[in-house]
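K.L.:
Have a look; sequence and predicted model below, questions after that.
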Amino acid sequence: MFQLLKTVLQDRNIDVRQLTDNTGITSEELDELDTLVSFDQSLNIMKNALRLSGNPALGLEIGQRENLSDLGMLGYAIASCKNGWDALRISESYYQTTTNLTIVEMDVSEGIWTRQSTPIHPVEPDLIRMIVEEDLSGTVKLSREFSDAKVELLEAHFAYPEPTYVEKYQQFFDCPLVFNAPVSQIVFPETYLQITNKGHNRITGDLALKLCDEMLDRQDTQRSLISKVHMVLLKQPDNFPSVQVVAEELGMSERNLRRSLKDLHTSYQDIFNNVRKEIAIRYLQTSDLAMEDIAQLVGFSDSSSFYRSFKKWTNKAPTAYRS
């Protein structure tokens, strides 16, 4: 995704070095295949992209320009599939080898195939829209690329209000649109999964899948430590443990934990703040708790400190998340 994002901005003569402002990584590191970009770093990159481009429909533009080759080894594997069913199975199993910002759920029943898309953590509305736009429009674009037949959607649903540029949705998706829906998803006829792929190549596909397996193994190793720290903090949301306590629970010294997290371009404080942000957003969206109470629940002694930190984390006031 990020290479395509850079290409889109470069086509507009925008200095892409600014994409990584306030992310803790450099533009050069973003070009390296082995750089692990965290969810928060990805969000900051997208915020920078929206600001630099001035285009609120940037997610749609990126998705519409995606090609199977942009998916790396997963793209090669899909391009070598025998039919749509094989492509669905492989994309379900290996989508995490690509930039992973969403929870993807697919279902085939009663003659239809649905693909849901939900950001993996709560994010602000303009970023939710950008993430979902890129994911779902990219899926449609790649489905059209995979098949020689015309791919027509039955419906497209979006779990957010209709944007001001809705005509772009109408032009691209070319189907009934539903906004403020319970989930964001695209709906295809199941018959598209029966389409055969003239470019089927079993040898190329097997090699690509082997490389995808190796990528997943590497990502699991790298991401597991971040996930473990995240889970230790979530287990005690009423009394967050210190970095020393977290390190002891993980069987590490504090020094080794800090060094290992630094190697993954993050820190205990970054993960701690992300956990507090997630919990605060959930309280704001699902409860009537007073701001002072939420501040205390996520570890702040007063609401003013909570307000300042929350604004720093999200660039929005806590009240923006109240329905």
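P.N.:
Nice, I can see it. Numbering: from 1, shown residues only.

K.L.:
And stretch 88-101, end to end?
P.N.:
Stretch 88-101 has an end-to-end distance of 19 Å (C-alpha to C-alpha, to the nearest Å).

K.L.:
Phi and psi next, for Ala156.
P.N.:
phi -130, psi 130 (degrees, to the nearest 10).

K.L.:
quick one: contacts for the residue nearest in space to the middle of the chain?
P.N.:
Closest to where the C-alpha atoms of the chain average out (C-alpha atoms, centre = their mean) is Leu101, at 1.1 Å. Applying C-beta atoms under 8 Å, 6 or more residues apart in numbering to Leu101 gives the contacts Met1, Phe39, Ser42, Pro119, Ile120, Ile131, Asp135. No exception for glycine: its C-beta is placed from N, CA and C like everyone else's.

K.L.:
residue ranges for the strands of this structure, please.
P.N.:
For the chain, applying DSSP state E gives strands covering 102-109, 112-119, 155-158, 177-179, 185-189.

K.L.:
Give me the helices and strands touching the fourth one, please.
P.N.:
Going back to what we said before, that points to strand 177-179. Helices and strands touching strand 177-179, as assessed by 3 or more C-beta pairs under 8 Å, 6 or more residues apart in numbering; DSSP states H and E, comprise strand 155-158, helix 166-173.

K.L.:
Give the burial count for His230, as a bare number.
P.N.:
16 (other C-beta atoms under 10 Å).

K.L.:
Actually, Asn180.
P.N.:
Asn180 has 10 nearby residues by other C-beta under 10 Å.

K.L.:
low-scoring pLDDT stretches of the stretch 51-200 of the chain, where are they?
P.N.:
Across the stretch 51-200 of the chain, the ranges flagged by pLDDT under 70 are 72-73, 92-100, 148-149.

K.L.:
The protein: helices as residue ranges?
P.N.:
Ranges of helices within the chain are 2-10, 27-30, 39-53, 58-64, 73-79, 84-94, 125-146, 166-173, 202-235, 243-249, 254-263, 268-286, 291-297, 303-314, based on DSSP state H.

K.L.:
I'd like these as TSV, with distance to Thr191 appended.
P.N.:
As requested, those are exported to TSV (distance: least, C-beta to C-beta, whole Å):
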stretch	distance to Thr191
helix 2-10	30
helix 27-30	40
helix 39-53	35
helix 58-64	23
helix 73-79	19
helix 84-94	9
helix 125-146	13
helix 166-173	19
helix 202-235	23
helix 243-249	51
helix 254-263	48
helix 268-286	39
helix 291-297	49
helix 303-314	43
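
K.L.:
Tell me which of those helices lies nearest to Thr196.
P.N.:
Across the helices of the chain, Thr196 has its closest neighbour in helix 84-94 (8.2 Å, C-beta to C-beta).

K.L.:
Can you list the buried residues in that closest one?
P.N.:
The neighbour-count check on helix 84-94 (16 or more other C-beta atoms under 10 Å) flags Gly84, Trp85, Asp86, Ala87, Leu88, Ile90, Ser91, Tyr94 as buried.

K.L.:
and what of stretch 122-140?
P.N.:
The neighbour-count check on stretch 122-140 (16+ other C-beta under 10 Å) flags 122-124, 126-140 as buried.

K.L.:
in terms of contact, does Thr164 touch Pro56 like I think?
P.N.:
Yes. Shown here, Thr164 and Pro56 form a contact pair, counting by C-beta atoms under 8 Å, at 7.3 Å.

K.L.:
returning to what we had before: most neighbours among the contacts of Leu101, which one?
P.N.:
When neighbours are taken as other C-beta under 10 Å, the top entry among the contacts of Leu101 is Asp135 (26 neighbours).
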